[in-house]
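S.K.: Generate a structure from the sequence data that follows.
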Amino acid sequence: MKDGVNGVALAVFIFFFLAVTVMGFLASRWRRAENENSLDEWGLGGRSFGTWVTWFLLGGDLYTAYTFVAVPAAIYAAGAAGFFAVPYTILVYPLIFTFLPRLWSVSHKHGYVTTSDFVRGRFGSKGLSLAVAVTGILATMPYIALQLVGIQAVLDVMGVGGGETTHWFIKDLPLLIAFGVLAAYTYSSGLRAPALIAFVKDTLIYIVIAVAIIYIPIKLGGFDDIFAKAGDAFAQINPVTEKPRGALVPGELGQWGYATLALGSALALFMYPHSITATLSSRSREVIRRNTTILPLYSLMLGLLALLGFMAIAAGVKVTNGQLAIPQLFENMFPDWFAGVAFAAIGIGALVPAAIMSIAAANLFTRNIYKDFLKPDATPEQETKVSKLVSLLVKVGALVFVLTMDKTVAINFQLLGGIWILQTFPALVGGLFTPWFHRWALIAGWAAGMLYGTLAAYGVASPTQKHFGGSSAEIPGIGEIGYIGLTAFVLNLVVTVVLTFVLRAVKAPDGVDETSPEDYTADAGDAGVQAELPKLGASTH
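M.R.: Have a look, this model is predicted:
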């Protein structure tokens, strides 16, 4: 690490940060609607985004600063096991091709803003809707916090904020400024701000990765040398665990864990509220279908990005915090000016998803807690005002979370968030294809999955912590080590199916399904949908 502040890199970083700040505030004038006081406009961008805007928005939403930092950091720490992110992002797109267009259609027809809106409408259950909403908010909060971890990693490497003895306010001031600006333009422009900034973010990331994957191997002597040095490093025995540090190829004992983590993560990715928020902002179901065919380009980028972990080992990068490995690699290998471009890509890569996540969490609170339980007669203007205020509170909460707690705590909660959000899959995806599941069975299955997943994760220890030390544990009945989230999901599904049979047998009352079969294939141009449009954001369902 270079001594002092890297002035050139910092200047380039500030230039791009100021540019996207201006774009964020100008976004309020982009595609401005006559009536901006509705969640359709503030929280979903008027449901007007086309293929390319949606592609950049979803890419900016799913491939975050933490992805940029954590995926290669996992490779740097343990080897090929960290590549699980690549197959899961490949698996996810055929999966979402089957259900996202149906979700878009029914949401557009009925004015649903959140997944909980749909669950309530499909199963006639505010209790189930509340469970989905609370799960979404809980899973999203640490995800927002981890975007701060990405920004902090960049600031630390640039030498901004001083050392460990520096007063906390001075040390964290750059972070406070960054998220203060983020909060301001998100409040002002809503989803239009991250949609516009995502163009800059993704362009920078593609440029940085393209340069890194060519330039750094040339400086390190080629990929043969990189893999050879990485293999030697992984073969060394860790004195704490008394086992090899990692492996270039997952061993036989790790294959169940690798496969279940990839599959479980694929099932969970589009259960997150921010993924659905970006999806529902599209102007037609055909936009969603096209995006599922071109989004895999990001998986190609992710595979190249993961290789940076091997390059950091070959370059001799030594850090006590693995999250600093890739920013430190960039500072060591790139000229200062291009290191600044790379740091800006990571920093902006935090701002875009953090904005979308805070909007998504705020929409869940507003529609499925505030309106459903506190003020059923809330007007669209009141909904928008509450959602704006809650989005600010969510960001403040994430900021406090990161500034007051150890970073490993945030990471552990994010891992737990993945386990939790997967438990909403039966209600959401199951509901898109059949009304057969009983609402009470879905609640019981959700509760069983949440309880088992939380307790199993609590019991996982690591060399550095006693609880929540990872997301994998022994699979009951099989004896292999696998992803806790997927095991909890299977339990959830079994409980849901069995109880549905029982409840159907005793003729337990169903909720009122306000949807009809044709709603799931409707498009924006359909007469039925057009008739519903004036009611968007105003319906009490």
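S.K.: Once you drop chain neighbours, what's closest to Y258?
M.R.: Leaving aside its sequence neighbours, Y258 sits nearest to P250 (C-beta to C-beta, 6 or more residues apart in numbering; 5.0 Å). Quick note: C-beta positions are derived from backbone N, CA and C, even for glycine.
S.K.: Quick one: residues contacting that neighbour.
M.R.: Residues in contact with P250, defined by C-beta atoms under 8 Å, 6 or more residues apart in numbering, are G79, A80, A81, Y258.
S.K.: can you pick the most crowded of the residues you listed?
M.R.: Taking other C-beta atoms under 10 Å as the neighbour criterion, G79 ranks highest of the contacts of P250 with 25 neighbours.
S.K.: from memory that residue sits against A230, does it?
M.R.: Yes: the pair G79 / A230 is scored as a contact, 7.4 Å apart, by C-beta atoms under 8 Å.
S.K.: Name the residues contacting each of the two.
M.R.: L248.
S.K.: ok, the nearest residue to L248 once chain neighbours are set aside to R504 distance?
M.R.: Of all residues not flanking L248 in the chain, G231 sits nearest, at 5.2 Å (C-beta to C-beta, 6+ apart). When distance is defined by C-beta to C-beta, to the nearest Å, G231 is 57 Å away from R504.
S.K.: cool, and A77?
M.R.: The separation that A77 has from R504, given C-beta to C-beta, amounts to 49 Å.
S.K.: what does W337 give?
M.R.: Going from W337 to R504 by C-beta to C-beta gives 66 Å.
S.K.: Looking at the two, which is more packed in?
M.R.: More crowded of W337 and R504, by other C-beta under 10 Å: R504, with 14 against 11.
S.K.: Now do Q465, the pLDDT please.
M.R.: Here, the pLDDT recorded for Q465 equals 76.
S.K.: That one bridge partners, please.
M.R.: S462 (DSSP bridges).
S.K.: and the gap between the residue nearest the centre of the chain and D117?
M.R.: Central residue of the chain (C-alpha atoms, centre = their mean): L62, 5.2 Å from the mean position. Distance, L62 to D117, using C-beta to C-beta: 22 Å.
S.K.: With L300 instead?
M.R.: Distance from L300 to D117, by C-beta to C-beta: 34 Å.
S.K.: Ok, W52 next?
M.R.: Counting by C-beta to C-beta, the gap from W52 to D117 is 27 Å.
S.K.: Could you give the separation of whichever strand or helix holds K219 from the chain centroid?
M.R.: Assigned by DSSP states H and E, K219 belongs to helix 192-220. Offset of helix 192-220 from its chain centre (C-alpha atoms, centre = their mean, to the nearest Å): 19 Å.
S.K.: Then stretch 484-498?
M.R.: 22 Å.
S.K.: Name the next helix or strand downstream of the helix ranked longest in the chain, please.
M.R.: When the chain is parsed with DSSP state H, its longest helix is helix 126-158. Toward the C-terminal end, the helix or strand that comes next after helix 126-158 (DSSP H and E) is helix 168-189.
S.K.: got the angle for that next one vs helix 192-220?
M.R.: Angle of helix 168-189 versus helix 192-220, following axes from the mean of the first three to the mean of the last three C-alpha atoms, to 10 degrees, is 130 degrees.
S.K.: Q147: neighbour count?
M.R.: What Q147 shows, counting by other C-beta under 10 Å, is a neighbour count of 27.
S.K.: Excluding residues flanking it in the chain, which one is nearest it?
M.R.: That would be A350: by C-beta to C-beta, 6+ apart, it lies 3.9 Å from Q147.
S.K.: my read: the one you found touches I151, true?
M.R.: Yes: here A350 lies in contact with I151, judged by C-beta under 8 Å, at a distance of 4.8 Å.
S.K.: can you list residues touching both of the two?
M.R.: By C-beta under 8 Å, 6+ apart, the residues touching both A350 and I151 are A65.
S.K.: and A312, what is it in contact with?
M.R.: P72, Y76, A325, I326, Q328, L329 are the contacts of A312 under C-beta under 8 Å, 6+ apart.
S.K.: next one: N291
M.R.: N291 neighbours (C-beta under 8 Å, 6+ apart): T51, T54, W55, L58, S282.
S.K.: again, only this time at 10 Å
M.R.: Shown in contact with N291 (C-beta atoms under 10 Å, 6 or more residues apart in numbering): 51-52, 54-55, 57-59, 93, 96-97, 100, 278-279, 282.
S.K.: Let me know the closest of those to S516.
M.R.: Checking the contacts of N291 against S516 with C-beta to C-beta, the nearest one is L100 at 19.5 Å.
S.K.: which parts of whichever strand or helix holds that closest one are buried?
M.R.: Secondary structure assignment for L100, by DSSP H and E: helix 85-110. Of all the residues in helix 85-110, those buried under the rule 16 or more other C-beta atoms under 10 Å are 85-93, 95-96, 99-110.
S.K.: follow-up on the earlier one: can you put the contacts of P250 in CSV and add secondary structure and distance to K388?
M.R.: Listed next are the contacts of P250 as CSV, based on DSSP: H, G, I helix; E, B strand; the rest coil; distance: C-beta to C-beta, whole Å:
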residue, secondary structure, distance to K388
G79, strand, 45
A80, helix, 44
A81, helix, 41
Y258, helix, 42
